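[1] Any chance you could fold what I've pasted below:
(chains A, B, C, D and E)
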Amino acid sequence: MTTSQTTAAVSNPRPSSQWLITLVGVALLIIGCFLSWSYVPALLGNLSVNFFPGAIQIFMIIVGVLGLFFLLLRKGLFPGAHKLLDSARGLRALSVTAAAFMVLVVIVIGLQAPGLANADPGVFVTLVGALAMVAGSFRMPSDPTVDPITVHLPSWVEILVIVAMLTVVLFGAAYALGQEDGTVFSLFLLFLAGLVVALARAGLFSWFGVIAQRNRRVIMLGAFAVAFLFPFTQNGSDANMSIATQVLIFATTALGLNIVVGLAGLLDLGYIAFLGAGAYVSAMMSHSAFANIGWKPPFLVVVIISAIVSSALGLIIGSPTLRVSGDYLAIVTLAFGEIFRLTVNNLDGNNGPDLTNGPNGIPGIPELEIGSFNFGDTHNVLGIPLGRFANYYFLLLVVAAIIITVFTRLNNSRIGRGWVAIREDEKAAEAMGVNVFGLKLFAFAGGAFLAGMAGSIKAHQDVSVTPDQYIFLESAFLLAAIVLGGMGTVAGVLVGATVLKLLPEKLRFVADYRLLTFGLLLVLMMRFRPEGLVPSQRRALEFHEDDADLAERIEDAHIEAVTPMEGRA
Amino acid sequence: MDQFLQQLLNGITLGSLYALIAVGYTVVYGIVQLINFAHGEVFMIGAFGSLATWTIFFKGQLGLWVLPFMIVGAVLAAVVVALILERVAYRPLRHAPRLAPLITAIGISVFLQEAVRLFYPGAKSALPFPQIDMVTGPAFQAGPVTVRRSAVFVIGALVVCAILLWFFINRTKMGRGMLAVSQDPDTARLMGVNVDRIIAVAFAIGAALAGVAGVAQGLQNSNIDFFIGFMAGLKAFTAAVLGGIGNIYGAVVGGLVLGVVEAMAVQFIPGTFGGSPWKDVWAFVLLIVVLVFRPQGLMGARVVDRA
Amino acid sequence: MQQRSIVRLGVPLAVAALALSACGSRDAGTTSTAGSGTKTVKIGVIAPLSGGLSALGLGIKNSVDLAIKQANETNAVPGWKFELAAQDDEAKAEVGKNAATKLSSDDAVLGVVGTLNSSVAQQTMPVLAAANIAQVSPANTNPTLTQGADAAAKKRPYTNYFRTCTTDAVQGPFAAQYLLGAGIKSVATIHDKKTYGQGLVDAFTVEFKKGGGTVVAAETIGENDKDFSAVISKIKPNSPAAIYYGGEYPQAGPLSQQMKSQGLSVPLMGGDGIYDPKYVELAGATANGDLSTSVGAPTESTEAGRKFLDQYKAAGFAEPAAAYGGYAYDAAKAIIEAAKTALKDAKDVKSARAAELTALGKVSFDGVTGKVAFDEFGDTTSKILTVYKVDGGKWIASKTDTFK
Amino acid sequence: MTTSAPERPAAAAPTGSPVLEATGVVMRFGGLTAVNNVDLRVNQGEIVGLIGPNGAGKTTFFNCLTGMYKPTEGQVKFEGTVLPPKPRAVVQAGMARTFQNIRLFANMTALENVMVGRYCRTSAMALTSIVRGPKFRREEEATRARAQELLNFVGLGRTSEHLARNLPYGDQRRLEIARALATDPKLILLDEPTAGMNPKETEEAKQLIFRIRDMGLAVVVIEHDMRFIFSLCDRVLCLVRGETLIEGSPHVVQSDPRVIEAYIGKPDEDELEEEAAKEDHA
Amino acid sequence: MSAMLEVRDLRVSYGKIEAVKGISFTVGQGEVVCLIGTNGAGKTTTLRTISGLIKPAGGQIHFEGKRLDGVPAHEIVTLGLAHSPEGRRIFPRMSVEENLLLGAFSRSDGSIKDDLQAAYDLFPILGERSKQPAGTFSGGEQQMLAMGRAMMSRPKLLMLDEPSMGLSPIMMQRIMSTVKTLQSQGTTILLVEQNARAALKLADKGYVLEVGHIVLEGTGHDLLHSDAVRKAYLGED
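    Predicted coordinates for the structure are as follows:
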């Protein structure tokens, strides 16, 4: 709070008309939410009760309260703070969200109730409120804001912000997963997206960004704590935990792939084979009746063996294919992925030795047991039951933590620098003495190792392994998680993996259009935001060779980030 | 020996199909150094275009005279889709890092597959392809070798297309322009060659041949489904690399070699690693071996490394 | 610095505290809203409701729906109202497992009808078994599901699993007997390596050889193969009198067509996986004479079957009952039948599940597909099968018999 | 020359002992002979210039020396041992280079670029990097310090955290030199280090090269700017169409008529007379 | 006399680096104009910008009164402006004749055959080996082919980029004399050369480029005898 107190809140002595219109809009919005929206109780989680807002009405109340906050901010209610956020831009996004939301609600009532005759006045009050907000906020001038980098908040404030942020994430996730109704879930997504955009527009996220940059370790620990606590919010229910474990397996595999693609810059289209190799080794060494390897070592040994077999495959695939570059590498890895799939499909005694049980796969893999802890049982912790999937979830969380550590530490080391150099200019890197071949091979083997680890757990979690789980489309999905989230970053991959695994589960009603949207998404991403949603800055630069402004901005941020750290040291 | 000849014929038939598709990879690659990963889907679209033409206009007709219309339908569908792809998806990315067009191509592949699966009536499972009487009737017997009529069509299609292509490239101005762009696009522009148009033409040629291949596949296998593009595309790419990507005749040779290798693998690889289930594995192993030991392919077009 | 490290510790703790305070705030959400005496019991369905096999899956779902509606109309279990809880498995094992998980965490689910595919069942069985929920499949024909991996030492893997259809262990030999009876002594076999296809061919081969036939060639094909020329060329010189194919119609149809256009004009025979109108469509004009076996008598050939089809039609479902409608209907009826004893004195569904399993083992009634009763492995006791023949573009029932 | 040269771990060998001896280097591409039987000997602490018109094979010759190309014939000896044609081995042995068209790692900071140059002199492998023991931290710290030192040396100390692509052209050239120096070379090859520079920058570059020489390094420079070359080098080698035209002191090369011909074109008879007359006049 | 080609305050950047920093020059009808300068001075960039291969960052280019900047390269050729690029850039896997015919790609009149003959007359060796792949030619022969190819579009203005690069003195003189011949036949020529003497000797006008700026201009003869040029290119102090 050093620079922000320069000008006091005297810029708006008199409420302007647009301010008043917006205020009225906010008021109507909130009032409408306390009225009934529809006669039909079965619709959208029962909106038929006056003075007792249902779920989606609460969304709108939150929007209203946030709008009120922005309005008061403009009035200078919080001295010194109005320079920090651009309330006008925030209000605009908020009001558009509210309007879009309400229009959708009206449409849903019209279609599902069916007929608008079933709509109650409340819905229209809120709709009018939203439109008034649009009318008011779009005539509001934007405020100049200060650059967050230049402001240093007291550390306890920063920490509080982080806690608040993570808590919101936890509850948001728990709430989203709890939504069974596809329409409500979609509306929730719209609400969430609108909220995020509004806050981003207002500049809040650049604050978060700066704070996060300064407190990276706190964020990491906090995020891990949130992830760790997630199963405790599920009350022993397996439905969401099952999805959560799948997201984790997918995310950890994608993180492994991100070492190959994001860090070393090698496009691997057959990566799922490494996950498959791990899973198959683990399955063949399990006590399943269909397992064809007699030796049954303890699981921890199996994990290591799976990982080693995978990375050996990585080496085999890597060593010849690294001679070819670019697109060729991509296609050859794809061919290798197919060879893997076909091979496990064939090794059933009919064609080749009886190892993998062919297209039927190896079913009936027993639950994991580490020591006396059986992963299939429900365990009670502090009176909260934790089911089968929660157990696997914790195990996978540990694996994810390992992979994240490996990923970030490799990235910030001599090896990481070597990879960047190779990506930037392979010839120059070689001329500077970087072991290009070795580093590429290491990326392949290392990534495969991690995937093998994840695979060995996946086999038990899935109860069976079959070849059709390891097809090209899965590799494409993994790649898409990285592309969508952002190459070379942990957070990006986690976001990408979550979006790609969670949305199809929750949006069953669009299940048929899932792949179609997926394909379109890839094309659009490459066209408009090739670096992904949460890109590593370097990757963003690589995709925007000509963007000098971006380079300047990133450089400024980098210098800002580095300087105080060195000052402290 | 009889079996050898029979399998040779089977291989050449299969290979002709690969070759027709492979030309599309190689023509586009030769000019923009882009692996149009979605080319397999263009082939699939061709097959469906042909089926749609038949269903809409000629349903129930199985005379030979329908075939040209079906081919036109296939070629039209494939070419239109390919041109849209080029314009909308690839052209804006021409100067982007190489990863971008490749991922775009994957996205397009998935999109096209799904679009056909969802919006083509009945395409959720395999669809029977019209069995033109003359082309699918009883087999000919040439000595010990049984010759399917559809095989005659497939091989014939390749021969005709190869001749037309040769004529186009060597005897027309547009063809010369294409050769020039493939060797040095900048200089070609200095000669007055409209590079954008040439690239579009390359896509169109590849698509047209893929469309013919779509009809061929339908007649040969008696059915098509929305997923045929993936494997066919991968095999055709293998064929293109095998022959030396960028070299059109290489693609033809590569396709034929690949087809024969697959057929022979089914018949002659002894023990449990032979047989139909392994033939794809051998095809891909061949691809990797060629890439590692002779990256320029059999016909030796120079691999352009735009690192 | 001091302050920072304290807070660094504090954050996770604070988040932990907040998170824990959230626990238990969500109720289980299964209490019935209907109130007033009647309690809700759900019968789940896991079947492919979308994708390539959705025609079969939707038929299963609708048939179960029909059985439930009838049970509610007749008030089959007083004080209880049945409800349908259908989940899509997209014919994929992993999706099926999610569906099973979802159903198993719903306390109102008593039994599940499904799945269509044996491979999906392998994934759903353990999940449902853990929750003690009965699973009755109308369509899984893989013997190992009920009898374990080792055919020599049969052992039932999951006691919650039952099925209303006969297994491949019966279909294959039945086909062998039919061919031998028709005077065909030499065949070539082809299968797609999947449990179903391989199981059929294995069982067929044993019986066929026992009856004095010879298998002149045994080939396999890959699951994505489209062009069978090479395999056909390889078989042809052995001049078999018929081909026995283990697999499903998407490959069998084109295989038949390509065989015949390549001059190998002998009938192709398969299991219920090729007994589908699509097979005839794909195999084209040369399919006449091709054969298939299928479980049970043709639905429309029996009194009960015709009645079922009429009721199904009257219920106005958008999709036809398809091949497994009758079996699904019987499966649902078996669950309802068992529920009559299991739910009688139960206070909630969860506590009735164990009783349901016991009761299921003992049901015995005349269903649409014949007598519905289960043996000690959970397999149906009825072993009626039918051979169908392609004639004029349609499957025509050629012979119905009880397998001995 | 106020900046003190960073310490070099290798003890300075007496000036004059040969560092690099290339003999009979031939490089053919298909039918084209780009480099034909060129010899080059570079001694400790010597600056050697390589000149010649465009397309004379200078850069190709560089690539042969640094292992980027495998020469068709001939051998490259470094400190008495024959070098394998692998860039990494060449760098390891102590020969570093810059590029004609700057090839920096554009999206890395200046400091990171130089740190990449330290790659071959550091050893942290995967496990060390993941576990991060004291050894790793020491090495990382040392790498960073050395890189900063080199940036200071070339005059980029203040811009260490700037992205390479944002640096002005002249600074990019200097950064490339710093990156090459980070490999602890005994010989540094500079490919047109002043191309595109203004006279002031060129002069600074010259001073920088002198300072590098003063550290005990041998330097080989390709350059077109004749003034620059002749005022910088101890010895100049002129390549024309892949062959050595002349080798000698700047003075000798400068006045060689064949060099003038190759560069400026052969004066006609009358012009020669005209020139002679002028010279007399002066 | 109004200039045939007029370049005004032309600026070209590659990313952040400005290669040409605002140069202006003119080429009059029938003239030979040469741009000289060291490597990296911006000569080639200037030519590539004029012929439309690079988009300028600023400034204007007029050719016979028409504005060229922003017009795609393949249309510029049809206006009568040919560019023989640096390093010759012939199509190595095509025969001589095919190379030459490509030069006439933008034309569709009937007299292409005549021009082919004209090119063979200009360089008889091309005629002798018209079916041979151009990649097998020596540097000098390739340069002849490149010039012949450029002439096939019947240009009003011919831009030659470093035609003497890597050529033996005899071959170089041969090329230079051809330039003279072409000029005498009515073609205007814009020449970029590193071999300053040869270029300036036949140029009507010359411009000296240094790091993206024009530092000196004048008639060929004046420049040839200016001290600055002698210093820059001979290293004489």
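[2] and residue 102, what element?
    Going with chain A. Applying DSSP states H and E as the criterion places A:Met102 in helix A:87-112.
[3] hmm, I had chain E in mind actually
    Secondary structure (DSSP H and E) places E:Leu102 in helix E:96-103.
[4] got the buried residues for stretch A:173-187?
    Under the neighbour-count criterion of 16 or more other CB atoms under 10 Å in any protein chain shown, stretch A:173-187 has A:Ala173, A:Ala174, A:Tyr175, A:Leu177, A:Gln179, A:Thr183, A:Val184, A:Phe185, A:Ser186, A:Leu187 buried. Placement of C-beta: from N, CA and C, glycine included.
[5] meant to ask about stretch B:162-176
    Going by 16+ other CB under 10 Å, stretch B:162-176 has these buried residues: B:Ala162, B:Leu165, B:Ile169, B:Gly175, B:Arg176.
[6] Please say whether there is contact between stretch C:276-291 and chain B.
    Yes. Using CB under 8 Å from any CB of the partner chain, we find that stretch C:276-291 touches chain B at C:Lys278, C:Glu281, C:Leu282, C:Ala283, C:Gly284, C:Ala285.
[7] how far away is the closest residue to chain C within chain D from D:Glu176?
    In chain D, no residue comes nearer to chain C than D:Arg132, which is 18.6 Å away by CB to the nearest CB. The gap separating D:Arg132 from D:Glu176 is 31 Å, by CB to CB, to the nearest Å.
[8] mind listing what the residue nearest the centre of chain E touches?
    The centroid of chain E falls nearest to E:Leu160 when counting by CA atoms, centre = their mean (1.7 Å). Going by CB atoms under 8 Å, 6 or more residues apart in numbering or on different chains, E:Leu160 touches E:Ser84, E:Met147, E:Ala150, E:Val179, E:Ile189, E:Leu190, E:Leu191, E:Val192.
[9] Could you export those residues as CSV, including pLDDT, neighbour count and distance to chain C?
    Below are the contacts of E:Leu160 laid out as CSV (pLDDT from 0 to 100; neighbours: other CB atoms under 10 Å in any protein chain shown; distance: CB to the nearest CB, whole Å):
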residue, pLDDT, neighbour count, distance to chain C
E:Ser84, 92, 27, 52
E:Met147, 92, 25, 55
E:Ala150, 92, 25, 52
E:Val179, 91, 24, 63
E:Ile189, 94, 22, 62
E:Leu190, 94, 25, 60
E:Leu191, 93, 27, 62
E:Val192, 91, 22, 59
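[10] Mind checking which of the residues of stretch C:276-291 next to chain B are in helices?
    C:Lys278, C:Glu281, C:Leu282, C:Ala283 (DSSP state H).
[11] farthest-separated two in the residues you listed?
    Comparing every pair within those by CB to CB identifies C:Lys278 and C:Ala283 as the most remote, at 9.4 Å.
[12] Stretch C:173-190 near chain A anywhere?
    No. Stretch C:173-190 lies apart from chain A when judged by CB under 8 Å from any CB; the minimum separation is 11.1 Å.
[13] one step back: closest one to chain C out of the buried residues of stretch B:162-176, please.
    B:Ala162 (21.1 Å).
[14] Could you look up the SS state of the residue nearest to C:Lys389 when sequence neighbours are not counted?
    Once flanking residues are discounted, C:Lys389 sits nearest to C:Ser398: 4.4 Å by CB to CB, 6 or more residues apart in numbering or on different chains. Three-state call for C:Ser398 (DSSP: H, G, I helix; E, B strand; the rest coil): strand.
[15] Could you tell me the model confidence score at C:Ser398?
    According to the prediction, C:Ser398 has pLDDT 88.
[16] who's in contact with it?
    C:Leu291, C:Thr386, C:Val387, C:Tyr388, C:Lys389 are the contacts of C:Ser398 under CB under 8 Å, 6+ apart.
[17] do the same with E:Gly135
    Neighbours of E:Gly135 in contact, by CB under 8 Å, 6+ apart: E:Ile90, E:Pro92, E:Arg93.
[18] Most neighbours of all those, which one?
    Within these, most neighbours by other CB atoms under 10 Å in any protein chain shown means E:Ile90, with 27 neighbours.
[19] And the residue of chain E closest to chain C?
    For chain E, CB to the nearest CB, closest residue to chain C: E:Arg93, 35.7 Å.
[20] That residue is in contact with B:Arg176, isn't it?
    No. Taking contacts as CB atoms under 8 Å, E:Arg93 lies outside contact range of B:Arg176: 12.0 Å.
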